[in-house]
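In: This is a predicted model, with the sequence first.
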Amino acid sequence: MTASSHPPLFDLTGKAALVTGGSRGLGLQIARALGEAGATVMLSARKADELANAVSELRKAGIDARWIAADCARESDTRRLADETLSQLGRIDVLVNNAGASWAAPAEEHPLEAWDKVMNLNVRGYFVLAQQVARHWMIPRKSG
């Protein structure tokens, strides 16, 4: 049997995935893997130019990819991201909360503003996005 005759480990044809922090690094790699498995992929990050480049790269590989610029540390951006993704794709079957921030400082010198930035993105933003996607798509459909 050749490698191409093996069935895929999972098939996401007809599914939609939202990947935050998807413009580069691990997020872009995850988006590529989801797209190669058949999912339509919505990428999100703060920088529109990086998102446009990432989507272009994915489309060249035959992946149906789109993007929405959003800062998931801001609740209004996070809620807009979920609403616009559902509006454009009609569904969100896979949510990958990959965006993240860190601050390199010893705890005793760590600025409170930096702590708030890290927590707003890495904890609060993920909660808000997951809650909204679950409430408006995954729970009512018992899928995702």
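Out: Structure received. Numbers count the residues shown, from 1 in each chain.
In: For the rest of this, base every contact and every neighbour count on C-alpha atoms.
Out: Noted.
In: where's the helix or strand encompassing residue 53 relative to the chain centroid, distance-wise?
Out: Assigned by DSSP states H and E, residue 53 belongs to helix 48-60. Its chain's average C-alpha position is 14 Å from that of helix 48-60, according to CA atoms, centre = their mean, to the nearest Å.
In: Distance of residue 14 relative to residue 64?
Out: The gap separating residue 14 from residue 64 is 11 Å, by CA to CA, to the nearest Å.
In: shared neighbours, the two?
Out: Contact criterion CA atoms under 8 Å, 6 or more residues apart in numbering; residues shared by residue 14 and residue 64: 39, 40.
In: what about these two, which has more around it?
Out: Neighbour comparison, residue 14 and residue 64: the larger count goes to residue 64, with 19 against 10 (by other CA atoms under 10 Å).
In: Spatially nearest residue to the more buried one (excluding sequence neighbours)?
Out: residue 40 (5.0 Å; CA to CA, 6 or more residues apart in numbering).
In: Quick check, pLDDT for the one you found.
Out: Residue 40 carries a pLDDT value of 98.
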